[in-house]
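Student: from the sequence below, what's the structure:
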Amino acid sequence: MSRTARKTWSNKNEDAANAYINSGRQLLRQQRTDEAIASFRQALPLAPRNARLHADLGLLLAKQKKTAEALTLLDRALELDPDQVQVLVKLAEIHNQQDDSTRADALVQRALQLAPRSTSAHLVLGVVRHHQVRLPEALACYRQALTLRLEKPISVTPRAPRDDFNKPQVEQLLWDTLAALCQAGVHAFAAYGTLLGLTREGGLLPFDKDIDFGLPHCEMERATHCLIRRGWVEPTGAHRLTNPKAFYHPAHKISLDLSGFVVDREGNTCTGFWIKDGLHEWHRQTRYPTLHLIKGHTPDNRPIWQLEQADTWLTAVYGDWRTPDAFFDTVIAAKNLQGFSLLTECYAVSRIYSHIESGHLHKARALADHALAHRPEDELLLAARAALGTVLAP
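Tutor: Residues are numbered from 1 along each chain as shown. Have a look, this model is predicted:
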């Protein structure tokens, strides 16, 4: 092929690649993500050295949890252009999720060298420090991320709430799992949002995001073996908390949290978020009325365990549980929270940031209010509430 012919062929490829890329970006603006991904895939062999194309496609696939392919594309994007802050931050996030905190640390530190005021880089560095059980540093990073975010415009992003968690197959999975645990000799019972939905609505809450069970902590190992036999898996990184334990069912794409309960030396029934290798005072702790379990039945009459007085238990957590509150965050706002530990504060600040970033401002303001109940003079929380109040004012 002559030099002229090669140049013509190259120009045609470039024109075709740009057409696919422009089409993909237009589809993204229309929120047609799958079609946009397909268009970017068409462009990829035509523009193998386009760093932004690799980055855009990799970031989209990462959002869809297609992690292996996303990693390949994002690594290639970084080879083509090593100064892409968004790519560095996303790669740090993924490597941290895969328990490679050393690699994650290096990536996010590089991002902060390039963009010292990047809110997402400060947030992800906080997540890395959190997973390294360096909670004081994690909180400092989360606070810096929120401080910088409050300097930018804040706006509500209209988004329809999830309304399909109560579909029949999820409820069937709930009953099947409870029945299997009962048969295995585990005293597991519906808890938190799962119990709230079953008691108040007669079924799962449509906007919920996972199934919640409680059980005696001494039965956690037996429960884990039972769940794994039933197709549940423990996600990578789930070991960072010794309680609760997280599980995921790949076939149903449903998450499950198992909260283990203990009785302390004073006879109080307690559970919480307990960090592996963390200081005791860092844990998030909650206290409950004495648990009394009775035998119940699934809708198809299989034996399960359930709380004898669900209303008492729900009141301990939610207060007025009969009145729906779409902005209640159990981790931060639980009525039976014992103090406001370092771990709880980390969750509060990082979630306020995340809700602001995603445009869920009512949730962010509710969280700020709950956190201020424990930290009434915190200047950052006060500033967040003021900024949110200005935007949400009628």
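Student: name the residues of stretch 234-244 that are buried.
Tutor: 241-244 (16 or more other C-beta atoms under 10 Å). Yep, even glycine has a C-beta here, placed from its N, CA and C like the rest.
Student: I meant stretch 100-116, not that one.
Tutor: Buried residues in stretch 100-116, counting neighbours by 16+ other C-beta under 10 Å, are found at 101, 104-105, 107-108, 110-112, 115.
Student: can you give me the strands for the chain?
Tutor: Along the chain, the stretches classed as strands by DSSP state E are 189-190, 211-216, 241-243, 245-249, 254-263, 269-275, 284-288, 293-297, 303-307.
Student: mind putting those strands into CSV with mean pLDDT?
Tutor: What follows is those, written out as CSV (pLDDT from 0 to 100):
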stretch, mean pLDDT
strand 189-190, 98
strand 211-216, 97
strand 241-243, 90
strand 245-249, 95
strand 254-263, 96
strand 269-275, 94
strand 284-288, 95
strand 293-297, 96
strand 303-307, 97
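Student: pick the most buried one from these.
Tutor: strand 189-190 (a mean of 26; mean count of other C-beta atoms under 10 Å).
Student: for this protein, which spans come out with low pLDDT?
Tutor: 1-12, 159-163, 237-239, 394 (pLDDT under 70).
Student: what residue spans form the domains of it?
Tutor: Under the assignment automatic domain parsing, the domains of the chain span 3-133, 168-325.
Student: residue contacts, the residue nearest to Leu139 when sequence neighbours are not counted?
Tutor: Nearest residue to Leu139, sequence neighbours excluded (C-beta to C-beta, 6 or more residues apart in numbering): Cys346, at 5.2 Å. If a contact means C-beta atoms under 8 Å, 6 or more residues apart in numbering, then Cys346 has 126, 130, 135, 138-139, 142 as its contacts.
Student: show the contacting residues for Ala387.
Tutor: Ala387 touches 150, 154, counting by C-beta under 8 Å, 6+ apart.
Student: over to Glu308?
Tutor: Counted by C-beta under 8 Å, 6+ apart, Glu308 has contacts 292-294.
Student: the nearest residue to Leu146 once chain neighbours are set aside: what's it in contact with?
Tutor: Of all residues not flanking Leu146 in the chain, Tyr353 sits nearest, at 4.5 Å (C-beta to C-beta, 6+ apart). Counting by C-beta under 8 Å, 6+ apart, Tyr353 touches 119, 123, 142, 145-146, 149.
Student: run the last query once more with 10 Å
Tutor: By C-beta atoms under 10 Å, 6 or more residues apart in numbering, the contact set of Tyr353 is 119-120, 122-123, 126, 142-150, 364, 367, 384.
Student: try Thr330
Tutor: Under the criterion of C-beta under 10 Å, 6+ apart, the neighbours of Thr330 are 192-193, 196, 212, 286, 317-318, 337.
Student: any idea how far Asn22 is from Gln86?
Tutor: Between Asn22 and Gln86 the computed distance is 20 Å (C-beta to C-beta, to the nearest Å).
Student: again but with Tyr347, I slipped
Tutor: As judged by C-beta to C-beta, Tyr347 and Gln86 stand 25 Å apart.
Student: what's around Gln30, how many residues?
Tutor: By other C-beta atoms under 10 Å, 10 other residues sit near Gln30.
Student: contacting residues around it?
Tutor: Per C-beta under 10 Å, 6+ apart, neighbours of Gln30: Ala36.
Student: how about 6 Å then?
Tutor: For Gln30, the contact set (C-beta atoms under 6 Å, 6 or more residues apart in numbering) is empty.
Student: next, it: phi, psi?
Tutor: phi -90, psi 10 (degrees, to the nearest 10).
Student: any idea how far Ser23 is from it?
Tutor: The value you get for Gln30 to Ser23, if C-beta to C-beta is used, is 11 Å.
Student: equivalent analysis for Glu377, please.
Tutor: 53 Å.
Student: looking at these two, which one has more neighbours?
Tutor: The neighbour comparison of Glu377 against Ser23 (other C-beta under 10 Å) goes to Ser23, with 17 against 7.
Student: hang on, the earlier thing: just the buried ones from the contacts of Thr330, in PyMOL syntax?
Tutor: PyMOL command restricting the contacts of Thr330 to the buried ones, with burial defined by 16+ other C-beta under 10 Å:
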select buried, resi 192+193+196+212+286+317+318+337
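Student: quick check: Ala348 touching Ile332?
Tutor: Yes - judged on C-beta atoms under 6 Å, Ala348 makes contact with Ile332 at a distance of 4.9 Å.
Student: who does the nearest residue to Trp313 once chain neighbours are set aside bridge with?
Tutor: Leaving aside its sequence neighbours, Trp313 sits nearest to Leu307 (C-beta to C-beta, 6+ apart; 5.4 Å). On the basis of DSSP bridges, Leu307 is bridged to Leu293.
Student: how much space separates Leu307 from Glu219?
Tutor: Taken as C-beta to C-beta, the span from Leu307 to Glu219 is 16 Å.
Student: now Lys63
Tutor: 37 Å.
Student: neighbour-wise, which of the two wins?
Tutor: Glu219 (19 against 12).
Student: right, and that one touches Val186 too?
Tutor: Yes - Glu219 is within contact range of Val186, at 4.9 Å (criterion: C-beta under 6 Å).
Student: show me where the stretch 101-250 of the chain has its helices.
Tutor: Assigned helices in the stretch 101-250 of the chain, in chain order: 101-114, 119-131, 135-149, 168-183, 192-196, 220-229 (criterion: DSSP state H, counting those that start in this stretch).
Student: residues in contact with Leu148?
Tutor: Leu148 neighbours (C-beta under 6 Å, 6+ apart): 117, 119.
Student: again but with His54, I slipped
Tutor: 73, 76-77.
Student: tell me the one of the residues you listed nearest Asp325?
Tutor: Nearest to Asp325 among the contacts of His54 is Leu73, at 40.8 Å by C-beta to C-beta.
Student: good, we can wrap up now.
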